[in-house]
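[1] Next come a sequence and a model predicted from it.
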Amino acid sequence: MTWIKPNFLWMMYRSGWGTQAGQEITLAVRLKRSTFDQILAAAVHSSFNPDAYNTQEIWKRRVADSDVRLQWDPDHAPDGRPVERRAIQLGLRGGAIARFSRDWIVAIEDISDFVAEQRALVANPGHPALVTPREDIYPVVDLAVAARLGISRTKVANGIVYSARDSSVQSYEIERKCDVPARPTRR
């Protein structure tokens, strides 16, 4: 299975800022928004969720029929501390991997040097000079997909925020990294 992990800081946690064996190279893979929406629509939770699938039998059938897995993992701060928000992971297999490699990728950029530069800054308390790619809340427009994935729509002062529900976490956000050019922002 190949995993799409759109949250930069979760990837930095997972790869030890590019120092873990076999994870020294960090690639930024760009997809079209329509592609990401298609992947979300095909996603099936990697573990049974009674709110999304009435029975384990239905869930098992969906898992067998889908080439896309969904799981929510704890997100992390730059220094590796877990934060309340969750990070979405989308696993691809079978035909989804073929479409990913053949049709869905818009661009690939090796950002390993950028990761190494930022890794050196994480050691500085408060991370005043740390720069990370801009990640905005991803609006899941299809309400049926949002409901199945456990994402709810809530109003905020400056627009709509989509947050997901999970029994162990009050709320968390889907962060996006799709067809919007990366614009580094200071943390």
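    Happy to help now that I have it.
[2] now the strands for the chain?
    In the chain, the strands defined using DSSP state E lie at 2-4, 27-31, 43-45, 68-76, 82-92, 105-110, 131-132, 136-137, 151-156, 159-166, 169-173, 175-176, 185-186.
[3] Comparing these, which yields the minimum mean pLDDT?
    When these are compared on average pLDDT, strand 169-173 comes out lowest at a mean of 27.
[4] Give me the neighbour count for Trp72.
    22 (other Cβ atoms under 10 Å). All C-beta spots, glycine's among them, are computed from the backbone N, C-alpha and C.
[5] Report the separation between it and Ala146.
    Between Trp72 and Ala146 the computed distance is 14 Å (Cβ to Cβ, to the nearest Å).
[6] Kindly report the same for Gln20.
    Per Cβ to Cβ, Gln20 is found 33 Å from Ala146.
[7] neighbour-wise, which of those two wins?
    Between Gln20 and Ala146, Ala146 has the larger neighbour count (other Cβ under 10 Å), namely 18 against 10.
[8] got the contact list for the nearest residue in space to Ser15 that is not next to it in sequence?
    Distance criterion Cβ to Cβ, 6 or more residues apart in numbering; nearest residue to Ser15, sequence neighbours excluded, is Gln23 at 3.9 Å. Gln23 sits next to 14-16 when contact means Cβ atoms under 8 Å, 6 or more residues apart in numbering.
[9] Please narrow these to those residing in helices.
    Judged by DSSP state H, helices contain the following of those: 14-15.
[10] Neighbours of Leu149, how many?
    What Leu149 shows, counting by other Cβ under 10 Å, is a neighbour count of 23.
[11] again, but for Thr2
    With other Cβ under 10 Å as criterion, Thr2 counts 11.
[12] For the residue of the chain most remote from its centre, give its distance to Val68.
    Going by Cα atoms, centre = their mean, the residue of the chain most distant from its centre is Glu57, 27.1 Å out. Remark: distance between Glu57 and Val68 (Cβ to Cβ) = 20 Å.
[13] Then Asp37?
    In this structure, Asp37 and Val68 are 12 Å apart, going by Cβ to Cβ.
[14] More neighbours: those two, which one.
    Each of Asp37 and Val68 has its neighbours counted (other Cβ under 10 Å); Val68 has more, 21 against 18.
[15] Leu90 is in contact with that one, correct?
    Yes - with contacts counted by Cβ atoms under 8 Å, Val68 reaches Leu90, the gap being 6.0 Å.
[16] shared neighbours of these two, anything?
    Common neighbours of Val68 and Leu90 (criterion: Cβ under 8 Å, 6+ apart): 39, 43.
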